[in-house]
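# Give me a 3D structure for the following:
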Amino acid sequence: MAQDGKKPFVRYSFYKVDPRWRRLPEAQRDQGKAQFVAVVDEFSSQMEVNSYNLLGTRGDTDFMLWQLSPTLEALQELATGLYGTDLGKYISTPYSYLAMTRPSPYLGEHTHPSQTHRGGAIGPRGDAYLFVYPFVKTHDWYQLPKETRQEMMNEHFTIGHRYPSVKVHTSYSFGIDDHDFVLGFETESPEDFLKLVMELRESQARPYTLKDTPIFTCLNSPLKECLDSLG
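Now for the predicted structure:
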């Protein structure tokens, strides 16, 4: 159980709505959306929930909830409540990523205003765009000497300094989900993020990335607006 208001658990939940939803009477759809929003509001005192729209950026998911929670139980209770709504009967979760926050083993005394808060805590700043980026390192990466890995990560930090508009939130999934890490990049400039990723592709550490897809482009939007855009 987390203490002192800490929220060590991170969940990115991506939802897809069944096309049958759009054919329901408007009053029924409005009721289902209101129930869904009410459940999220109910849990707002226990966790932080940020909503994002993906209509127009991907075809396999419609919206996403970025949840920061003190416990796994709270995440489960929220999911149960959402699926119990009238809208919940018409949604699926094609992607879901669970992770935890912790201090970076490479950061040391390094400070960077666009990095995750010191101590590993995640603090969304509410930028217009969020890019969610789960990935897995190769086995060879973890067999490298710590000094070699640190050198490569220092190069990452140097590249990141060139894009102060991009804030990275690093969370760790070792043993609790399929990936090693899940990154969330907040920015007001998609162009800056694209340039950042292009530079990182040329870094020394790149050959040690086993998998880094899917990648999600998410637009920050109030939950009611996300749901209204569904029809």
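
# Skip the chain neighbours and tell me the closest residue to residue 127.
Once flanking residues are discounted, residue 127 sits nearest to residue 186: 4.0 Å by C-beta to C-beta, 6 or more residues apart in numbering. Placement of C-beta: from N, CA and C, glycine included.

# mind checking pLDDT for the residue of the chain most remote from its centre?
Within the chain, residue 25 marks the point farthest from the mean C-alpha position, 32.8 Å out by C-alpha atoms, centre = their mean. Per-residue confidence (pLDDT) for residue 25: 97.

# This protein - how does it break down into domains?
Structural domains annotated on the chain: 9-99, 104-217, as defined by automatic domain parsing.

# Where do the helices of this structure begin and end?
Taking DSSP state H as the criterion, the chain contains helices spanning 26-42, 72-83, 139-143, 146-161, 190-201, 223-228.

# Please name the residues that touch residue 32.
21, 24, 85-90 (C-beta atoms under 8 Å, 6 or more residues apart in numbering).

# please redo it, this time with the cut-off set to 10 Å
21, 24, 85-91, 227, 230 (C-beta atoms under 10 Å, 6 or more residues apart in numbering).

# And residue 66, by the same measure?
Contacts for residue 66 were tallied using C-beta under 10 Å, 6+ apart; they are 10-13, 48-52, 97, 122, 124, 130, 132, 169, 184, 218, 220.

# Apply 7 Å and report the result again.
Residues near residue 66 by C-beta atoms under 7 Å, 6 or more residues apart in numbering: 12, 50, 52, 124, 184.

# cool, and residue 49?
Applying C-beta under 7 Å, 6+ apart to residue 49 gives the contacts 40, 43, 65, 67.

# For the second one, grab the count of nearby residues.
Just to be clear, that refers to residue 43. Look at residue 43: counted by other C-beta atoms under 10 Å, it has 18 neighbours.

# these two touch, right, it and residue 78?
Yes - the pair residue 43 / residue 78 is scored as a contact, 4.9 Å apart, by C-beta atoms under 7 Å.

# Report the buried residues of stretch 124-142.
Buried residues in stretch 124-142, counting neighbours by 16 or more other C-beta atoms under 10 Å, are found at 129-135, 137, 141.

# Just put those residues in TSV and tack on distance to residue 155.
Listed next are those as TSV, based on distance: C-beta to C-beta, whole Å:
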residue	distance to residue 155
129	25
130	25
131	21
132	23
133	18
134	22
135	17
137	15
141	14
